[in-house]
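Student: sequence and predicted structure, then a few things I'm wondering about:
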Amino acid sequence: MNRFLIVPQLKIHNANALSSPYTLGFPAMTAWFGGIHALQCQLNAGVFGSLRFTRAAVACHRIDLQTYKGPGDFVHSIVGTGNPLDKTGERPSFIEEARCHLTVSLAIEYQGVGQDDSAKLTQAVESRLYQLKLAGGDILSFKAPETLSIDGDNELARLIRKLMPSYVLQERRELMAEAMRNGQDAIDALLSYLKVEHRSRLLDNGKGEWTAKRKAEGWLVPIATGFHGITELGFAENQRDPGTPHRFAESLVTLGEFVMPYRIKRLDDLLWHTRYDAENNFYLCQQNNRS
Amino acid sequence: MANKNNNLVSASVLAFEKKLVPSDGRLYGTTWERRVEQATALTLQEKSVRGTISNRLKKALQDDPAKLDATIENPNPQTVDSCALGSDQDTLKLTFTLKILSGVEKPSACNSAEFNASYAKSAKAYIDSEGFRDLASRYAANIANGRFLWRNRVGTEKIEVAVKVLNQGDRSAWLFDAKAVSTRYFDNPDPQIAELAGKIADALSGKTEFLLLEVNAYAQVGLAQDVYPSEELVLDKGSSKSKKSKILYEIDGIAGMHSQKIGNALRTIDTWYPGYDEAQIGPIAIEPYGAVTNLGKAYRTPKDKADFYTLFDRFARGEKLAENDEHYVMAVLVRGGVFGESGKD
């Protein structure tokens, strides 16, 4: 039996739209898990001491990226925010930060709370959520959270129905792995899946025909899925929490694909979880890939 | 990092989340008579106008009539966004929600336990003695007087602000005649404002978990008049000739007012800054340096020892501030921000 906490139609305002250090779009998976983990910690501190959020899916109904493209412009530009004057009354320099407004539904798999307490859980979640931030944005509203128990992949459709219509992210790390096995370096591999190739073909009547194609089918996007520790655990000056060992890290960027949830046949392809790989110093948000 | 004043450690990572969380405002058009029953969403329109040359000309041009004529004949086409009521509408409806949270005594990030403990003590003392009553009544007045309408407030016949509590099990609602509530002074005897202020104070000081308000403002601005949504800040519009010189904000095709702009109006409660009497501009927005953007001036400078950081350092280390300074410090924390001290000095 898989138990789910579902938060439908969460409206988030001015969320951080960095989907990886290099790209703008849907907020990174790490940002969502940060919020989900914070929610768990707050509930743990209350009466749900043994509650664990094990896996989660984020279904995106709508995203409104705060960018602007005028007529004739080649690229989009970020819509900025004006910051208050500094102490001398001068305008401070602009910091370009990408923001987005979005509507998502969360499906969080949980353990450690019995069926009888599910009403208490949804109530607690509802009041905690109003005080939380998600992906750096403000939560403006959401529909009443509910719980759902399903029997693994057999009853997956019952969960999917709650999330439609939307897009969910699937990890497509295997595309990267394959390209890199064939000798491409990481950034080439990433770009080769993102670029659109325009080709012309000569037709019989002497005219040409242009086609545009990507290397692989599907809505592929670059995503950040975690961090790679690049120093030993230790202490740094002015670190955020003096009680916890600190480590410098860089982002792990790979490919993901947006798919409509009804295409998904296995829970493993829908849900993400976090994992710490001590051997390689990886802090990962990942799916259970078959590879 | 030993501090200069006393040997308390300061926090190099210190941040507070905002406690007044407004949504974007959406603009609708309606008529005053039927303002509650029906409203249609206002959309942005693109206008191309032929501008006239009206800027100050160079000396050489002023003295040469022929060249002046040539300059003025030169067309100056501009494309701008605009937004106006429909030809049968005389009333603007602005709607947004406002969430009010507690927890000012807890920074969202702080890397010094010692600082945190000493700050929390001061903050708790403030909450216990003041309970945010004074601040809340000022926030409530700014909701009631419709200050968040900004330019749309100017030159209106009538303004009505309807406030409704959205929390489950609370059916409170209020109706304010915004024109009757001063935007310059906060000594409002209105019992309705006091009631709203009580709810806000309870939420800020943690007596209730949170407060969610829906605000609908109706401003009778006149048939088919222009209204003013927020302008977007696009720095790098590209080099295309046909670029727009003014881009307005819209949400799903509805003209919108930025949440930041609404937030700034709600926190325009600072009457405690130095030079309040001489400046004759009434309350200014709560900002760490008392910045007023349209005047290009900061009213609370570190030189006067009236800026937030000077006062906050004293407050957080347990020193007793003047009552007004204390209100100001707490109002900045309600606003939120990143206030860490650089580890370099």
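Tutor: Thanks, I have the structure now. Numbering: from 1, shown residues only, chains lettered A, B, ... in the order given.
Student: doesn't B:Arg50 make contact with B:Pro75?
Tutor: Yes - in this structure, B:Pro75 is within contact of B:Arg50 by Cβ atoms under 8 Å, at 5.5 Å. In this view, the C-beta of every residue, glycine as well, is placed from N, C-alpha and C.
Student: quick check: residues of chain A near chain B?
Tutor: A:13-14, A:64, A:68, A:70-75, A:77-82, A:84-89, A:94, A:96, A:101, A:127, A:130-131, A:133, A:138, A:140-141, A:237-243 (Cβ under 8 Å from any Cβ of the partner chain).
Student: tell me which element B:Cys161 is part of?
Tutor: Slight slip there: residue B:161 is Val, not Cys. strand B:159-165 (DSSP states H and E).
Student: packing partners for that strand?
Tutor: When contacts are defined as 3 or more Cβ pairs under 8 Å, 6 or more residues apart in numbering or on different chains; DSSP states H and E, strand B:159-165 packs onto helix B:133-144, strand B:173-177, strand B:210-220.
Student: buried residues, the biggest helix by length in chain B. List them.
Tutor: Counting residues, the longest helix found in chain B (DSSP state H) is helix B:113-130. Neighbour-count burial for helix B:113-130, counted by 16 or more other Cβ atoms under 10 Å in any protein chain shown, picks out B:115-116, B:118-120, B:122-123, B:126-127, B:130.
Student: go through stretch A:157-165 and flag the buried ones.
Tutor: Going by neighbour count (16+ other Cβ under 10 Å), the buried part of stretch A:157-165 is A:159-160, A:162-163.
Student: mind telling me what element the residue sitting furthest away from the middle of chain B is part of?
Tutor: Most distant from the centre of chain B: B:Ala66, at 48.8 Å, with distances by Cα atoms, centre = their mean. In this structure, B:Ala66 sits in helix B:65-73 according to DSSP H and E.
Student: who does that helix touch, helix- and strand-wise?
Tutor: For helix B:65-73, the packing partners by 3+ Cβ pairs under 8 Å, 6+ apart are helix B:59-63.
Student: report the buried residues of the helix it packs on.
Tutor: Quick answer for helix B:59-63 (16+ other Cβ under 10 Å): B:Leu61.
Student: before we move on, back to that, pLDDT averaged over the longest helix of chain B - what is it?
Tutor: What helix B:113-130 shows for mean pLDDT is 89.
Student: now swap in stretch B:235-247 and tell me
Tutor: Rounded mean pLDDT across stretch B:235-247 is 72.
Student: ok, stretch B:254-265 next?
Tutor: Averaged across stretch B:254-265, pLDDT comes to 94.
Student: any of the residues of chain A next to chain B buried? List them.
Tutor: Buried members of those, scored by 16+ other Cβ under 10 Å, are A:13-14, A:68, A:70, A:73, A:77-81, A:84-85, A:87, A:89, A:101, A:130-131, A:133, A:138, A:140-141, A:238-239, A:242.
Student: can you list contacts of stretch B:321-333?
Tutor: Contacts made with stretch B:321-333 from outside it, assessed by Cβ atoms under 8 Å, 6 or more residues apart in numbering or on different chains, are listed as B:16, B:19, B:104, B:123, B:126, B:130, B:132, B:134-135, B:267, B:269-270, B:272-273, B:286-288, B:306, B:308, B:311-312, B:314-315.
Student: now, which of the residues you listed lie within strands?
Tutor: Among those, DSSP state E puts B:16, B:269-270 in strands.
Student: in TSV, list the residues you listed along with neighbour count, pLDDT and distance to chain A.
Tutor: Converted to TSV, the ones in strands among the contacts of stretch B:321-333 look like this (neighbours: other Cβ atoms under 10 Å in any protein chain shown; pLDDT from 0 to 100; distance: Cβ to the nearest Cβ, whole Å):
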residue	neighbour count	pLDDT	distance to chain A
B:Phe16	20	92	12
B:Ile269	24	92	15
B:Asp270	23	91	12
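Student: hang on, A:Cys60 in a strand?
Tutor: Yes - counting by DSSP: H, G, I helix; E, B strand; the rest coil, A:Cys60 falls inside a strand.
Student: now it: how far from B:Val227?
Tutor: In this view, A:Cys60 and B:Val227 are 32 Å apart by Cβ to Cβ, to the nearest Å.
Student: who's more crowded, those two?
Tutor: More crowded of A:Cys60 and B:Val227, by other Cβ atoms under 10 Å in any protein chain shown: B:Val227, with 22 against 17.
Student: hang on, A:Ser77 packs against B:Lys243?
Tutor: No - applying Cβ under 8 Å, one finds A:Ser77 not in contact with B:Lys243, separated by 10.8 Å.
Student: where does the stretch 1-150 of chain B dip in pLDDT?
Tutor: Applying pLDDT under 70 to the stretch 1-150 of chain B flags the ranges B:1-9.
Student: up against chain A, what does it have?
Tutor: B:12-13, B:17, B:21, B:23-24, B:97, B:99, B:101-103, B:109, B:111-113.
Student: tell me which of these is nearest to chain A?
Tutor: Nearest to chain A, judged by Cβ to the nearest Cβ, of those is B:Ser12 at 3.9 Å.
Student: got the phi/psi numbers for the closest residue to that closest one other than its chain neighbours?
Tutor: In space, and not counting its chain neighbours, B:Ser12 is closest to A:Asn238: 3.9 Å by Cβ to Cβ, 6 or more residues apart in numbering or on different chains. Reported as degrees, to the nearest 10, the phi and psi values for A:Asn238 are phi 60, psi 30.
Student: helix, strand or coil for the spatially most central residue of chain B?
Tutor: By Cα atoms, centre = their mean, chain B has its centre lying nearest to B:Asn264, at 1.2 Å. Three-state secondary structure (criterion: three-state DSSP) places B:Asn264 in helix.
Student: list the residues that contact it.
Tutor: Contacts of B:Asn264 by Cβ under 8 Å, 6+ apart are B:Ala285.
Student: which intervals of the stretch 151-300 of chain B have sub-threshold pLDDT?
Tutor: B:237-242.
Student: what residues does it put near chain A?
Tutor: Proximity of the stretch 151-300 of chain B to chain A, by Cβ under 8 Å from any Cβ, involves residues B:209-210, B:212, B:232-238, B:240-244, B:247, B:251-252, B:259-260, B:285, B:287-289, B:291-293, B:296-298.
Student: quick revisit: past the helix holding B:Ala66, which element shows up next along the chain?
Tutor: As assigned by DSSP H and E, the chain's next helix or strand after helix B:65-73 is strand B:76-82.
Student: other SSEs contacting that following strand?
Tutor: Counting contacts by 3+ Cβ pairs under 8 Å, 6+ apart, strand B:76-82 is packed against strand B:45-51.
Student: quick one: contacts of the strand it packs on?
Tutor: Contact with strand B:45-51 is made by B:75-84, B:244, as judged by Cβ under 8 Å, 6+ apart.
Student: format the residues you listed as TSV; extra columns: neighbour count.
Tutor: Shown next, in TSV, are these (neighbours: other Cβ atoms under 10 Å in any protein chain shown):
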residue	neighbour count
B:Pro75	10
B:Asn76	13
B:Pro77	10
B:Gln78	14
B:Thr79	16
B:Val80	16
B:Asp81	19
B:Ser82	16
B:Cys83	20
B:Ala84	20
B:Lys244	20
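Student: closest one to A:Asp277 out of these, please.
Tutor: The closest of the contacts of strand B:45-51 to A:Asp277 turns out to be B:Lys244 (Cβ to Cβ; 49.5 Å).
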